[in-house]
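Enquirer: just coords:
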């Protein structure tokens with residue numbers, strides 16, 4: 001276990017600057033860019049089971065703001081699979097995957113923040129019980145031109161969520177052997 005620092009991000013891949021992220025066991029897992037060139041980076045503090053969502057100036061590498069996100073005490077095994085997105089209004093959509101009370105049921109809570117990260121626009125949870133008990137870990141996330149959100153849940157479900165966070169439809173993929 002060691003402290004890590006961001007070695008830099010340019011289009012979420014190339015090291016170009018060096019800023020310290022405080023924490024003893026921080027795992028950075030995703031980033032997205034807004035129309036102004038700012039980067040939003042999600043990291044998980046594995047020591048405290050909390051998340052750090054930060055906004056960085058993409059030119060200078062300076063941290064503009066960061067918030068710590070804490071989930072309900074009943075949540076265990078919380079993580080982010082590297083998905084984060086920015087819609088056409090520069091709001092940040094963050095999926096937080098989690099297990100409740102060691103049940104083995106994996107769900108995802110989607111949180112939409114404004115661009116300054118000081119307001120939660122909405123929060124919604126997709127439960128695996130609503131999808132034939134298939135885990136809803138968010139493995140992919142995309143936003144269309146109408147700000148609808150498309151989510152792949154653990155490779156077996158596809159859900160369309162409108163810009164207000166309300167599910168529009170969901171599909172469960174299956175083959176001749178049954179559900180994946």
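Expert: Great, that's in hand. The model shown is predicted, which means the values in this text are computed figures rather than measured ones.

Enquirer: The helix or strand hosting residue 123 - which strands sit beside it in the sheet, and in what orientation?
Expert: Element membership of residue 123 [criterion: DSSP states H and E] is strand 120-126. Neighbouring strands of strand 120-126 in its sheet, by DSSP bridges, are strand 106-113 (antiparallel).

Enquirer: I'd like the average pLDDT over the strand it pairs with.
Expert: The average pLDDT for strand 106-113 rounds to 82.

Enquirer: shouldn't residue 32 be in contact with residue 54?
Expert: No: counting by CB atoms under 8 Å, residue 54 is not a contact partner of residue 32; they are 11.9 Å apart. In short, each C-beta sits where N, CA and C put it, glycine included.

Enquirer: Quick check: neighbours shared by the two?
Expert: Common contact partners of residue 32 and residue 54 (CB atoms under 8 Å, 6 or more residues apart in numbering): residue 40.

Enquirer: was I right about residue 162 contacting residue 150?
Expert: No: with contact defined as CB under 8 Å, residue 162 and residue 150 do not form a contacting pair (11.0 Å).

Enquirer: Which one of these two is surrounded by more residues?
Expert: Neighbour count, other CB atoms under 10 Å: between residue 162 and residue 150, residue 150 has more, with 15 against 12.

Enquirer: So that one sits against residue 144, correct?
Expert: Yes: with contact defined as CB under 8 Å, residue 150 counts as touching residue 144 (7.0 Å).

Enquirer: so where's this structure shaky on pLDDT?
Expert: Low-confidence segments of the chain (pLDDT under 70): 1-25, 48-49, 71-82, 100-104, 127-137, 155, 174-180.

Enquirer: can you rerun that using 50?
Expert: Low-confidence segments of the chain (pLDDT under 50): 1-23, 179-180.

Enquirer: any idea how far residue 105 is from the closest residue to residue 66 other than its chain neighbours?
Expert: Of all residues not flanking residue 66 in the chain, residue 54 sits nearest, at 3.7 Å (CB to CB, 6 or more residues apart in numbering). Between residue 54 and residue 105 the distance, using CB to CB, to the nearest Å, works out to 30 Å.
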